[in-house]
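**Student:** sequence and predicted structure below; questions after.
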Amino acid sequence: MRRVIILLLTQVLLWTLLAELNHGLSGWQVHIFGGALFVVYPALQLDRAPGLLVAGAAGLLCDAHSPVAFGTHGLLFAAAHLLLFRARARVPRQDPVSQILVVLFTNLALFLSLSLLRLLAAPAPGGAWGRLLPDLLASQLTLAVVTVWFLALQDRLVRLGDAWAERRGLHG
Amino acid sequence: MPFKRFTQGNPLLTLGLIVGGWLLVPTAVKTFARASFFELTAPVNLAASRVRDLQDFWALRTRSRTELIEAGRDLARVTASFELAVQQNGELRAEVARLEELLRLPPLRDHRLEHARVARRDFSGWWQRIVIRKGRDHGIPVGAPVVFSGGVVGRVSEVHATTAVVELISSPTMRLAGVVEGDTRPISFQGGVNPTLAPPRGVVELMPLDIIANSAAPKRLVTAGFGGVFPPGLTLGTIIRADLASDGLFKSGAVELDPRLGTLTEVSVLVPVAPADAPGRPAP
């Protein structure tokens, strides 16, 4: 439970940073989507249930601030978590390049899934890709830069939490 | 634990169970959870917004006294102009009220202005929204129109205790009635695709064939006032293109919206008031 709480706090931090970044970029009509960063660490490093809880809760946090059916992000993040969890034995989890590639592919899948869901309600779905593709490109570039830092931050905080609990003789 | 082993071996089954379980959750629970998640993170939004205000404050403190004196002088001139406009507005309101009384017309819907700072802007290709720093505690209702000096900003779509979410007119799902300035025939306006590094855009449909607009001779699009949500005459944008629609009966076209929509820092919510409370209206 301790790890879940620590990771949820880092998810709130990530959500805040992305919100601030998007606030600043709004004048240029650029939007950064970083859904994969909410999912990858829990899927690669935690057990199935706690990881699913963290990814799902992060999805619901994104849902609360988006005009989509409540649970859309939650279910997409849960799906991404389950697929990554199944494949994680074949991924070198501590290798930075592998981490970046996993994040980029996961983000691409989440972005396209969300876009397809949203475009069903759009007036001109074909024309929307002219805006969505630059957003996707900007998102992938941003994630390529920040992935290693954010995963290292999560890993560091989890280890600090474990060390603190060990000193206090706590478990879980 | 055969069930546990089965779900661990079948992520798709696990996902199916989660989706099925989620669909069975009552709507009331989901609504409550959504509001809870929003309110839990509302302080983060507000804190970030106030930190930005503080940054602006300290940035302004670096300005020289000469610049401040010049700014104060310019502001005094603008204030003088507005004071005159306020006096004229009062007279016009009294005139409208007198004519309504004389002709026994139903009173026009009146509004009070509730100014609010923008806490967060969220402009994606999927939606365009802002979060403002006023909500239910300030009497802001869902559906209230939101304006700024350049015209219409959008409509309040969600109201929380201390914040409210405004859906912008540039949002692809936003639709409302407009008219070309000087014309009375309604046109359907909808938010459109907002291209990167360009001003926000919208689209118009059901435009009469005799209206000609292009980038050389653009037409100003204003609110029609139908439906009772938006007062008539507020600027929506500029029609920069009008082509014959596929049905041949109407035209459709593109609307360029105010580029300042992307950098809004303060907006005004038009909160509807009862006719008896409206300013400038004589007491019965």
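**Tutor:** Perfect, I can see it now.
**Student:** max-length helix in the chain?
**Tutor:** Using chain A here. helix A:125-168 (DSSP state H).
**Student:** think we crossed wires, I meant chain B
**Tutor:** Ranking each helix of chain B by length (DSSP H) puts helix B:65-103 first.
**Student:** and whichever strand or helix holds B:I18, which residues are buried?
**Tutor:** Per DSSP states H and E, B:I18 falls inside helix B:11-24. Within helix B:11-24, the residues scored as buried using 16 or more other CB atoms under 10 Å in any protein chain shown are B:P11, B:T14, B:L15, B:I18. Every C-beta, even on glycine, is put in place using the N, C-alpha and C of the backbone.
**Student:** mean confidence for it?
**Tutor:** The predicted model assigns helix B:11-24 a mean pLDDT of 86.
**Student:** which residues of the chain fall in helices?
**Tutor:** As the question left the chain open, I've gone with chain A. Counting by DSSP H, the helices of chain A are A:2-25, A:35-45, A:48-64, A:72-87, A:96-119, A:125-168.
**Student:** right idea, wrong chain: chain B
**Tutor:** Under DSSP H, chain B gives helices at B:2-9, B:11-24, B:27-61, B:65-103.
**Student:** neighbours of residue 64, just the number please.
**Tutor:** Going with chain A. 22 (other CB atoms under 10 Å in any protein chain shown).
**Student:** switch to chain B, that's the one I care about
**Tutor:** Neighbours of B:S64 (other CB under 10 Å): 8.
**Student:** got the phi and psi for it?
**Tutor:** phi -80, psi 160 (degrees, to the nearest 10).
**Student:** might you report the residue contacts of it?
**Tutor:** For B:S64, no contacting residues are found, by CB atoms under 8 Å, 6 or more residues apart in numbering or on different chains.
**Student:** do you know how far the closest residue to B:W126 other than its chain neighbours is from B:S157?
**Tutor:** Nearest residue to B:W126, sequence neighbours excluded (CB to CB, 6 or more residues apart in numbering or on different chains): A:R118, at 4.2 Å. Noted for A:R118: a distance of 16 Å to B:S157, by CB to CB, to the nearest Å.
**Student:** neighbour count: those two, which is higher?
**Tutor:** It is A:R118, of A:R118 and B:S157, that has more neighbours when counted by other CB under 10 Å, with 22 against 19.
**Student:** and the closest residue to A:L119 other than its chain neighbours, how many neighbours does it have?
**Tutor:** Taking CB to CB, 6+ apart as the measure, A:L119 lies nearest to A:P125, with 4.1 Å between them; neighbours along the chain are not counted. Neighbour count for A:P125, taken as other CB under 10 Å: 15.
**Student:** contact partners for the closest residue to B:A224 other than its chain neighbours?
**Tutor:** Using CB to CB, 6+ apart and skipping residues adjacent in sequence, the residue nearest B:A224 is B:A177, 4.2 Å away. Contacts for B:A177 (CB under 8 Å, 6+ apart) come out as B:P186, B:I187, B:S188, B:F189, B:T223, B:A224, B:F226, B:G227.
**Student:** please indicate which of those residues are buried?
**Tutor:** By 16+ other CB under 10 Å, the contacts of B:A177 give B:P186, B:I187, B:S188, B:F189, B:T223, B:A224 as buried.
**Student:** pLDDT score for the residue nearest to the spatial centre of chain A?
**Tutor:** Nearest to the mean C-alpha position of chain A, by CA atoms, centre = their mean, lies A:F38 at 2.3 Å. pLDDT, A:F38: 96.
**Student:** touching, it and A:C62? I think so.
**Tutor:** Yes: between A:F38 and A:C62 there is a contact at 7.4 Å, judged by CB atoms under 8 Å.
**Student:** now do the shared contacts for those two.
**Tutor:** A:W15, A:F77.
**Student:** so which bits of the stretch 151-284 of chain B are right by chain A?
**Tutor:** B:157, B:167, B:172-173, B:190, B:192-198, B:200, B:203, B:262-263 (CB under 8 Å from any CB of the partner chain).
**Student:** and those, which are buried?
**Tutor:** B:S157, B:E167, B:P172, B:T173, B:Q190, B:G192, B:V193, B:N194, B:T196, B:P200, B:V203, B:G262.
**Student:** and the third one, what pLDDT?
**Tutor:** Residue-level confidence at B:P172 comes out at 87, pLDDT.
**Student:** these two touch, right, it and B:Q190?
**Tutor:** Yes: judged on CB under 8 Å, B:P172 makes contact with B:Q190 at a distance of 7.4 Å.
**Student:** still on that earlier bit, so how far is chain A from the residue nearest to B:A224?
**Tutor:** The gap separating B:A177 from chain A is 16 Å, by CB to the nearest CB, to the nearest Å.
**Student:** confidence score at that residue?
**Tutor:** The model's pLDDT for B:A177 equals 91.
**Student:** what bridges to it?
**Tutor:** B:S188 (DSSP bridges).
**Student:** against B:G253, how distant is B:E39?
**Tutor:** Counting by CB to CB, the gap from B:E39 to B:G253 is 41 Å.
**Student:** these two - which one has more neighbours?
**Tutor:** B:G253 (22 against 15).
**Student:** list the contacts of that one.
**Tutor:** B:G253 touches B:V203, B:V204, B:M207, B:A213, B:I239, B:I240, B:R241, B:A242, B:D243, counting by CB under 8 Å, 6+ apart.
**Student:** show the pLDDT at it.
**Tutor:** B:G253 is given a pLDDT of 91.
**Student:** would you mind measuring from it to chain A?
**Tutor:** 13 Å.
**Student:** count of neighbours near B:R65?
**Tutor:** Per other CB under 10 Å, the neighbour tally for B:R65 reads 7.
**Student:** let me fix that: B:V273
**Tutor:** Around B:V273 there are 15 residues (other CB under 10 Å).
**Student:** just the pLDDT for it.
**Tutor:** 83.
**Student:** that one touches B:L108, doesn't it?
**Tutor:** No: contact between B:V273 and B:L108 fails when scored by CB under 8 Å: they sit 11.5 Å apart.
**Student:** low-confidence ranges, chain A, go.
**Tutor:** A:121-124, A:170-172 (pLDDT under 70).
**Student:** how close does B:A42 sit to chain A?
**Tutor:** In terms of CB to the nearest CB, B:A42 sits 10 Å off from chain A.
**Student:** quick check: closest non-adjacent residue to that residue.
**Tutor:** The nearest residue in space to B:A42 (CB to CB, 6+ apart) is B:T163, at 5.4 Å.
**Student:** got a list of what the one you found touches?
**Tutor:** B:T163 neighbours (CB under 8 Å, 6+ apart): B:A42, B:N45, B:L46, B:A119, B:V131, B:I132, B:R133, B:K134, B:G135.
**Student:** in this structure the first one contacts B:H160, no?
**Tutor:** Yes: contact status for B:A42 versus B:H160: in contact at 6.3 Å, counting by CB under 8 Å.
**Student:** look at B:P141 and say how many residues are nearby.
**Tutor:** For B:P141, using other CB under 10 Å, the count is 12.
**Student:** now the one 4 residues further on
**Tutor:** Using other CB under 10 Å, B:P145 has 22 neighbouring residues.
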